[in-house]
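Participant: Quick one: sequence and predicted model below, then my questions.
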Amino acid sequence: MGESVAEPGRNGMVPVGLVVGTVAASPLEFSVAVAPDQFLQLDDVVVTDRPLPDGTLVRIAGVVTNVEAGHEGARFASDVFLIDQGALPAEVSEVAEVTVTRVEPEVYVPPRPGTAVRRATGGERDSALYFDTMADAKVPVGLGRDGQPVFVNFEFVDGTRGGHVSISGVSGIATKTSFATFLLHSIFNCGVLHGEAHNTKALIFSVKGEDLLFLDYTNSRLTPEQRAKYAQLGLPATSFGNVQVFAPPRPGDASGTPDVRARDKAVSPFYWTLWDFCEQELLVFVFADGEDERSQYTMLIGQVAARLRRDAVRVGDDGAIKVSGVEARNGGPLRTFEQLVGMIEDELTDEDTRRDWVAGSTSIGSVNAFLRRLRSSVRPLGSIVRGDLGHRGDHSVTTSKAQVTVVDLHNLPDRAQRFVVGVALRQEFRSKELQGTARPLMFVVLDELNKYAPRDGDSPIKQILLDVAERGRSLGVILIGAQQTASEVERRIVANCSIRVAGRLDPAEAARPEYGYLPPAQRQRATIAKPGTMFVSQPDIPVPLAIEFPFPAWATRPAEKGVWTGVDTGPAAPADPFTGLDDDPPPF
């Protein structure tokens, strides 16, 4: 006989219902008839016991994945009116479907009908959700529907047993980047990094406005209730403490002032000199669009880039160049990207000099197509590839200056954004390869992943991201990718993400097979999820968990800027006030 729902069961807990006998129970799922004075909601964690003949007690725990209510005794929909008037006898029943998450010991038997089911709390909840097996690898990611902390296993993030995080959701509603930054905040502060926290780095690409440029400012809108949620998760309700922002120079500004409006601390300009462009063979990233990576381009791009690397000669300290054996149109050093492109055009359109740059078998049609695409890159790349600024020390994106590095791209055209992402990722990935050790970790946060690593086509950026997804965790490079549509991201990248997170989803997107990890009820809920609600799937737990993460403790827009908590005031001003002006000698 089962336990009465009116009396406390084991552990002193009042049962919420009994295992249903009219619906077959299995070792992996069962149904619960909810007691009249109780309720179960989606995501509740429940547990029941099954005694075996030898006296062993099997504990079966699971998560509620659906709840249905109905009238027992009614045949037609209109019977509800008769029942309401008392003319037809019937009983209201609520039945919750439970997906089993854990069985201890691992004897897979179904629960018996009539067995009492209780809410899991304390140690039983930790056991049901495998939190007890995570030891010191627990990273809090939010609060569950029961108001208690939910964790992910850091071993599936840092590369120990898996790596990378995929976050999907509708733009502006799913709060993808807010969750990504909260996850970083949790990792940096929850203790899983131990003594490595200070040296662990994060590289964040900001592609939408200046919302990510204030991570080291407290949020003036943070309420005491939100602070209490941070305390419940064991996290400080503070902003990031060590942030460096890189922004492109303002167009037409001869001094290279960063093109930002609402931030004036710890911000540096980034650009690549013409010498960097040639010496590092960055030409390939000028053609970073997937649609441009065709067979006839590949060889031509490589040949031109190799010639520039071989024959470019640095002129002065501002990164200007000359190319050996080539007379530039202006008879002097090349100082702008437009001048470099013009020189390449002159060389490739001249039959006598073309053979010095490309193989003789290259068709003139391919050369012309290459030149058209190269010429179209002058305007978007002119402000970030140049040799006309005075020496400023570090001027390219680097993560060596701060724990969190934010690269602001929102003022750049799409083509320039691709160039920056590709070059910066390659540089940091190569640095980790040369480092030779996976620790300390490097986290890369990239929104709009479907743009940089689309399912169809190929590009240099896609190849780098594939390398990060497939080899990155062994090198300590962890990708936190966000996208509106996971169905449009390269499959191999998504497949290598151990942690998958979904916020608000478009109904058509939610039906795609990429979200097969979500049970049907959660797929439907994801189409109406409010901002701050996410569904987190991890290998440890068979069922994704619905969580709500706290409001950011750092400013996410200029209007929220509170106290600055940074450690730097930005790059030092040039000693010479005329630095950055044209260094050519006067014509007299």
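Facilitator: Here it is on my side, so go on. Residues are numbered from 1 along each chain as shown.

Participant: partners of Val63 in the sheet?
Facilitator: Going by DSSP bridges, Val63 is paired in beta bridges with Val45, Thr99.

Participant: quick one: it and Gln41 touch, right?
Facilitator: No - using C-beta atoms under 8 Å, Val63 is not in contact with Gln41, being 11.0 Å away. All C-beta atoms are positioned from the backbone trio N, CA, C, and that covers glycine.

Participant: Looking at the two, which one has more neighbours?
Facilitator: Comparing Val63 with Gln41 by other C-beta atoms under 10 Å, the one with more neighbours is Val63, at 26 against 10.

Participant: which residues touch that one?
Facilitator: Neighbouring residues of Val63 by C-beta atoms under 8 Å, 6 or more residues apart in numbering: Asp43, Asp44, Val45, Val46, Val98, Thr99, Thr101, Ala128, Val543, Leu545.

Participant: Next: Ile204.
Facilitator: Neighbour list for Ile204: Ala180, Thr181, Leu212, Val404, Thr405, Val406, Val407, Val445 [criterion: C-beta under 8 Å, 6+ apart].

Participant: most distant residue from the middle of this protein?
Facilitator: The centre of the chain is farthest from one residue, Ala87, which by C-alpha atoms, centre = their mean lies 58.1 Å away.

Participant: mind checking how far that one is from Asp79?
Facilitator: Ala87 sits 9 Å away from Asp79, going by C-beta to C-beta, to the nearest Å.

Participant: Next: Ser376.
Facilitator: Per C-beta to C-beta, Ser376 is found 70 Å from Asp79.

Participant: And for Arg500?
Facilitator: For Arg500 relative to Asp79 (C-beta to C-beta), the value is 44 Å.

Participant: who has more neighbours, these two?
Facilitator: For Arg500 versus Asp79, the count of surrounding residues by other C-beta under 10 Å is larger for Arg500: 22 against 15.

Participant: And the more buried one, which helix or strand is it part of?
Facilitator: Per DSSP states H and E, Arg500 falls inside strand 499-502.

Participant: Most neighbours out of the contacts of Ile204, which is it?
Facilitator: Val406 (29 neighbours).

Participant: helices or strands next to whichever strand or helix holds it in the packing?
Facilitator: Following DSSP H and E, one finds Val406 within strand 404-408. Strand 404-408 is packed against strand 201-206, strand 243-247, with contacts defined by 3 or more C-beta pairs under 8 Å, 6 or more residues apart in numbering; DSSP states H and E.

Participant: With Arg471 as the reference, name the closest of those strands.
Facilitator: Of all these, it is strand 201-206 that lies closest to Arg471, at 17.0 Å by C-beta to C-beta.

Participant: buried set for the closest one?
Facilitator: Residues of strand 201-206 classed as buried: Lys201, Ala202, Leu203, Ile204, Phe205, Ser206 (neighbour count, 16 or more other C-beta atoms under 10 Å).

Participant: Would you check that the fifth one makes contact with Lys451?
Facilitator: No - with contacts counted by C-beta under 8 Å, Phe205 stays clear of Lys451, the gap being 11.1 Å.

Participant: about what we covered before: same question for the strand holding Arg500, mean pLDDT?
Facilitator: The pLDDT scores in strand 499-502 average 96.

Participant: what's the answer for stretch 148-159, then?
Facilitator: 96.

Participant: what's that stretch in contact with?
Facilitator: With contact meaning C-beta under 8 Å, 6+ apart, stretch 148-159 is reached by 125, 129-131, 134, 137-144, 160-165, 187, 192, 232-234, 438, 441, 472-474, 476, 478, 498-499, 536, 538-540, 545, 547.

Participant: Done for today, thanks.
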